[in-house]
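Student: How does the following fold in three dimensions:
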Amino acid sequence: MNRTDRLYALVEELRAVAPRPRSARWLAERFEVSSRTIERDLSALQQSGVAIYAEPGRTGGYVLDKEQTLPPLTITPAEATALAVGLHALDGTPFAGAARSALQKVLAVMPARERAATGEFADRVHVLARDERRATVPRVLQDALASRRVLRLSYEDREGVASERLVEPLGFLGGEQWYLIAWCRLREAVRGFRMDRIQAVRALDETAPPRRIDRAELDGPGWELIGLEGFADLVDALPGKSDGTL
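Tutor: Numbers count the residues shown, from 1 in each chain. Have a look, this model is predicted:
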């Protein structure tokens, strides 16, 4: 068994017995490798985001949190490749890193045969490069939006005038360009800050008060603003949604 298949099998072995633990020695005998190899494999899985934790004690071992991991997926090579194409389109947006991580998790829980077929299918798909590469979006912006941290921005406007701002992040506005939508304490109003004009950013310890965005405040010439209402429709269509289970 190669390492990739063993990593997949380790996750499924721990999933099958969860919440009971499996020791590294037991797993080593099961997969006919050394305990050190198993510990390296488990460490690699943990670093990739798989929810595995160590339970101490004489009867302890490694435990998989079922609620934070995906079971084996019946996803086709075309569907997995479609996710990869979508990931390419997200390059330079606030969600590029999260999308890449999500795709890695999907590939990790695909059966080995389907994963190999996905690689072959993806090799036959090509995407045109953009004329201009989008600026990389600092991860701190995404983290600050999720945790409602106040940000200190060094910003340069369209005229090249630099300023320092304290802002409360409210959301992102995307299209040809991506903007951080925030309450600007200097202007005492909602403002959009173009990502490629943010020269430096730092999250402060201060938590911003809750605020809601009125889309009317974001209206611009020729803009048609839409949200992610369709996401809720997809969630509602999932099996088991009515009783709170997935």
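
Student: buried stuff in the lengthiest helix in the chain?
Tutor: In terms of residue count, the longest helix belonging to the chain (DSSP state H) is helix 3-17. Within helix 3-17, the residues that count as buried by 16 or more other Cβ atoms under 10 Å are R6, L7, Y8, A9, L10, V11, E13, L14, R15. Yep, even glycine has a C-beta here, placed from its N, CA and C like the rest.

Student: May I ask which two of those residues are separated the most?
Tutor: Farthest-apart pair in the buried residues of helix 3-17 is R6 and R15; separation 14.7 Å (Cβ to Cβ).

Student: what residue is smack in the middle of the protein?
Tutor: A98 (2.2 Å; Cα atoms, centre = their mean).

Student: What strand or helix carries G160?
Tutor: Using DSSP states H and E, G160 falls within no helix or strand.

Student: count of residues packed around it?
Tutor: A count of neighbours around G160, defined by other Cβ atoms under 10 Å, yields 7.

Student: do you know how far it is from L151?
Tutor: Per Cβ to Cβ, to the nearest Å, G160 is found 21 Å from L151.

Student: need the longest strand for the protein.
Tutor: Ranked by number of residues, the top strand in the chain under DSSP state E is strand 162-173.

Student: Go through it and flag the buried ones.
Tutor: R165, L166, V167, E168, P169, L170, G171, F172, L173.

Student: okay, how far is it across stretch 171-181, tip to tip?
Tutor: Taking Cα to Cα, to the nearest Å, stretch 171-181 runs 5 Å from one end to the other.

Student: Identify the residues contacting that stretch?
Tutor: Contacts to stretch 171-181, defined as Cβ atoms under 8 Å, 6 or more residues apart in numbering, come from residues 92-94, 134, 137, 141, 145, 167, 169-170, 190-196, 198, 213, 218, 223, 225.

Student: where does the protein dip in pLDDT?
Tutor: Scanning the chain for pLDDT under 70 picks out 66-74, 109, 128-136, 215-246.

Student: Quick one: the strands in it, in order.
Tutor: So, for the chain - with DSSP E - the strands run 52-55, 61-64, 149-156, 162-173, 179-184, 189-194, 198-207.
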